[in-house]
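Engineer: 3D model of this:
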Amino acid sequence: MSSTQQWMIYGAYGYTGELIAREAVRRGMRPVLAGRSAWKLLPLAKELGLEYRAFDVALAQANVAGMSAVLNCAGPFSSTAQAWVEACLNARAHYIDISGEIPVFQMCYAKDAEAEKAGIILCPGAGFDIVPTDCLAAMLKHQLPDAQTIDLAFSFGTRPSVGTARTIVESAKEGGLIRRDHALQAVGNGHCLRRIRFPGGARWSVTIPWGDVYTSGISTGVPNGMVYTALPLALGLLMRISSPFRGLMATAWAQKWLDRLAVRLFGGGPDAEARENQRSEFWGEAVSASGKRVSATISAPNVYALTVDTALTLTQHCLNATSQAGYFTPSILMGHEMIASRPGVEVRTHFSD
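Structural biologist: As a prediction, the model looks like this:
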């Protein structure tokens, strides 16, 4: 990265944004901190000795001038990604975010040709959503080239931040999604329940519309797949039972109430001790038309520690990139080996006929 390159973290005072800003400085990086609130930005910028800019995302175009890259940490990304992508295309700045939202991935993928023409990288999903599972899917495809199905699963191992909780609330009203014959297919919430063997033991898991339902199809070309998350069996059953009534969750009053509940329950993410000690876990299985199976698991640091590391690693890669341009998933941008190279990550693969 050239010493003259400037780059920006938008949403720098959010739970994850602040963690990323602090680690960036520890790594010798000097991002510009940005977000809507000056009074929230000022203490952090002063402590870290960084420049800051306060503005609404609607003014992204006016504030991206001179930036080589923008790392967007302000969710829900359905409200921020579009403006930033357009601004980055016009300013010829790389765009990275930590989104897990399928509409954001679809929007960025649709702008692949524009990004290639502008000579920039669009890489949404640079954190826990979706780096480990994306790399896992690509790894399984490499091991089983004729795979027809790749299913994935993850276990948080911690409580989510309020931003993550709000994203979950927003997506619950839409129901579930699976990938079938290369197309997204709408299903009910909690479409499938199964016991999945993670590195730390078997857990009940339920399908959710995680970003990899879409992105792993882009990364691997495999036509079919679902994504599970580990949840208590009772909660998974509740998701299935309540799915027919999810239309109620789309009403303004229900979303407002659920948002307040998310803030009350998840007013902050895990503390430093939890981030140090808790582990996230991942599982994936590829199946060929003949029934051959390959599975793999990943044990990794806490979801927020992992997001900080992968987001900065991908941002650094974009700042150093000289020949890549267009839309990229993390595994296409840096290879499926990326996740295995990260500190504290353990990968195991199992073959069976």
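Engineer: What are the contacting residues of the one helix or strand residue 196 maps to?
Structural biologist: In the assignment (DSSP states H and E), residue 196 maps to strand 193-198. For strand 193-198, contacts defined as C-beta atoms under 8 Å, 6 or more residues apart in numbering pick out 153, 155, 202-207, 228, 230, 233, 236-237, 240, 281-283, 297. In this view, the C-beta of every residue, glycine as well, is placed from N, C-alpha and C.
Engineer: And the next helix or strand past that strand?
Structural biologist: Following strand 193-198 in sequence, per DSSP H and E, is strand 201-207.
Engineer: partner strands of that next one, parallel or antiparallel?
Structural biologist: Paired neighbours of strand 201-207 in the sheet (DSSP bridges): strand 193-198 (antiparallel), strand 227-230 (antiparallel).
Engineer: What is the distance between the last one and the centre of its chain?
Structural biologist: Centroid separation for strand 227-230 versus its chain: 14 Å, with C-alpha atoms, centre = their mean, to the nearest Å.
Engineer: Kindly export it (C-alpha atoms) in CSV.
Structural biologist: Written as CSV, here are the backbone C-alpha positions of strand 227-230 (Å, rounded to 0.1, in the frame of the first residue of the first chain):
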residue,chain,number,x,y,z
VAL,A,227,-26.9,-22.7,5.0
TYR,A,228,-27.6,-23.7,8.6
THR,A,229,-27.0,-22.0,11.8
ALA,A,230,-26.7,-23.8,15.2
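Engineer: So what touches it?
Structural biologist: By C-beta under 8 Å, 6+ apart, strand 227-230 touches 133, 151-156, 192, 194, 196, 198, 203-210, 212-213, 281.
Engineer: any idea of the mean pLDDT in it?
Structural biologist: Averaging pLDDT along strand 227-230 gives 92.
Engineer: Ok, the first one next?
Structural biologist: Across strand 193-198, pLDDT averages out at 95.
Engineer: next SSE after the helix or strand harbouring residue 61?
Structural biologist: Here residue 61 sits within helix 60-63, counting by DSSP H and E. Later in the chain than helix 60-63, the nearest helix or strand by DSSP H and E is strand 67-72.
Engineer: Mind checking what helix or strand follows that next one in sequence?
Structural biologist: Next along from strand 67-72, by DSSP H and E: helix 81-91.
Engineer: Tell me the helices and strands packed up against the helix or strand that that next one is followed by.
Structural biologist: Next helix or strand after helix 81-91 toward the C-terminus (DSSP H and E): strand 94-97. If contacts are counted by 3 or more C-beta pairs under 8 Å, 6 or more residues apart in numbering; DSSP states H and E, strand 94-97 sits against strand 67-72, helix 81-91, strand 121-123, helix 303-320.
Engineer: could you check the angle strand 67-72 makes with the last one?
Structural biologist: Computed with axes from the mean of the first three to the mean of the last three C-alpha atoms, to 10 degrees, the direction of helix 303-320 lies at 160 degrees from that of strand 67-72.
Engineer: tell me what the helix or strand that helix 303-320 is followed by is packed against?
Structural biologist: Next in sequence after helix 303-320, counting helices and strands by DSSP H and E, comes strand 326-327. Secondary-structure packing of strand 326-327 (3+ C-beta pairs under 8 Å, 6+ apart): helix 112-118, strand 121-123.
Engineer: Tell me which residues are up against the shortest one.
Structural biologist: By that I understand strand 121-123. Here strand 121-123 has contacts from 85, 88, 94-97, 108, 111-112, 115, 314, 318, 321, 324-330, 333, using C-beta under 8 Å, 6+ apart.
Engineer: now do 7 Å
Structural biologist: Strand 121-123 is contacted by residues 85, 94-96, 108, 111, 115, 314, 318, 321, 324-325, 327-328, 330, 333 when judged by C-beta atoms under 7 Å, 6 or more residues apart in numbering.
Engineer: what's near enough to touch residue 218?
Structural biologist: 109, 329.
Engineer: what does residue 105 give?
Structural biologist: 124, 125, 211, 214, 215.
Engineer: right, and the second one touches residue 211 too?
Structural biologist: Spelled out, it's residue 125. Yes. Applying C-beta atoms under 7 Å as the test, residue 125 and residue 211 come out as touching, 5.6 Å apart.
Engineer: Looking at those two, which is more packed in?
Structural biologist: residue 125 (31 against 22; other C-beta atoms under 10 Å).
Engineer: Can you classify the more buried one as helix, strand or coil?
Structural biologist: coil (DSSP: H, G, I helix; E, B strand; the rest coil).
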